[in-house]
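Asks: next one to model:
(one chain, ligands or ions: 2)
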Amino acid sequence: MESNKRGAFIVFEGCDRVGKSTQSNKLFKLLKDKDVAVKHINFPDRSTIIGDLINRFLKNTQDLSNEVIHLLFSANRWERVNSIQEDLLAGTTVICDRYAYSGVVYSVAKGLDMDWCWAPDRGLLKPDAVFYLKANPDQLASRCNFGTERYEKLELQRKVSELFDDFNERESSYWHQFDAFETEQELHSQISTIVEKLLPQVADKPLEKLT
Ligand code: Z5A
Ligand code: MG
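Replies: Numbers count the residues shown, from 1 in each chain. Ligands and ions are numbered 1, 2, ... in the order given. Reported below is the predicted structural model:
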């Protein structure tokens, strides 16, 4: 008989180079090894036509206005919404590296209006948990040099970091903050403990949307 339990929608957020990909991949492997149905996705999804435009923008080979790139990042999430919903309802847990919160904070850090920025992401699926890896961008710069992508500048990362902190405060019912300077293994263990409790908690809950 098919299970009517749904999977959990888990998002990783934080500044550049805080370890989102490292931790989301570790969690994916752990759940897979435990035979939990799980998928790992990331935004921007550079594999689509919209994602290719975003990639060219980030690599500085395509100029786009702040408004246009913002809407493309959001459209790139809308491209995946049906497949995420299908997976969750089929009982698959979806681990997502960056989501709508990244969409808003980078654009607001560049000077766009918060309400305008949030509007196109309203109606997307709401995560069951957001794991926010927090690090002071000045300290992060010493972890590894910023690369050559468009947003990898200290001043912008400082604003981004403050805006993530604001989200963490406002959305504290499902955001979990971690110190990104803990060891990879320590962070993984803290995150796994929360996920172990989360999966049974959300299994019978209806999916919610971002409002
Ligand atoms: N963006 C946007 O503007 N609007 C949107 O809607 C979305 C995104 C979705 C590309 O994102 C850009 O898109 C991004 C935001 C913008 N611009 N910036 N800045 P991306 O997700 O493709 O790239 P990224 O997240 O910025 O960078 P990243 O390199 O993928 O970072 P990460 O995944 O957080 O870090 P990591 O690869 O796991 O780790 C970085 C290094 O640190 C690596 O060498 C690790 O081995 C090391 N590491 C990891 N954890 C630790 C610990 N605990 N201790 C020590 N060292 C560690
Ligand atoms: Mg990454």
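
Asks: only C-alpha atoms from now on, for both contacts and neighbour counts.
Replies: OK.

Asks: my read: residue 120 touches residue 73, true?
Replies: No. Residue 120 is beyond contact range of residue 73, at 9.8 Å (criterion: C-alpha atoms under 8 Å).

Asks: settle it for me: which of these two has more neighbours?
Replies: Applying other C-alpha atoms under 10 Å to residue 120 and residue 73 shows that residue 73 carries more neighbours, namely 24 against 19.

Asks: which element follows whatever helix or strand the more buried one lives in toward the C-terminus?
Replies: Element membership for residue 73, per DSSP states H and E: helix 66-78. Downstream of helix 66-78, the next assigned helix or strand under DSSP H and E is helix 81-89.

Asks: mean confidence for that next one?
Replies: Averaged across helix 81-89, pLDDT comes to 98.

Asks: next one: stretch 131-143
Replies: 90.

Asks: which helix or strand in this structure has the lowest average pLDDT?
Replies: helix 137-143 (a mean of 84; mean pLDDT, DSSP states H and E).

Asks: is that one positioned near ligand 1?
Replies: No. On the criterion C-alpha under 6 Å from any ligand atom, helix 137-143 is out of touch with ligand 1, staying 6.5 Å away.

Asks: in stretch 68-84, what counts as buried?
Replies: 69, 70, 71, 72, 73, 74, 75, 76, 77, 78, 84 (16 or more other C-alpha atoms under 10 Å).

Asks: what about that stretch, distance to the chain center?
Replies: Relative to the chain's own centre, stretch 68-84 is displaced by 13 Å; criterion: C-alpha atoms, centre = their mean, to the nearest Å.

Asks: neighbouring contacts of that stretch?
Replies: 43-45, 48, 50-51, 54, 57, 94, 99-100, 103, 107, 117, 120-121, 124-125 (C-alpha atoms under 8 Å, 6 or more residues apart in numbering).
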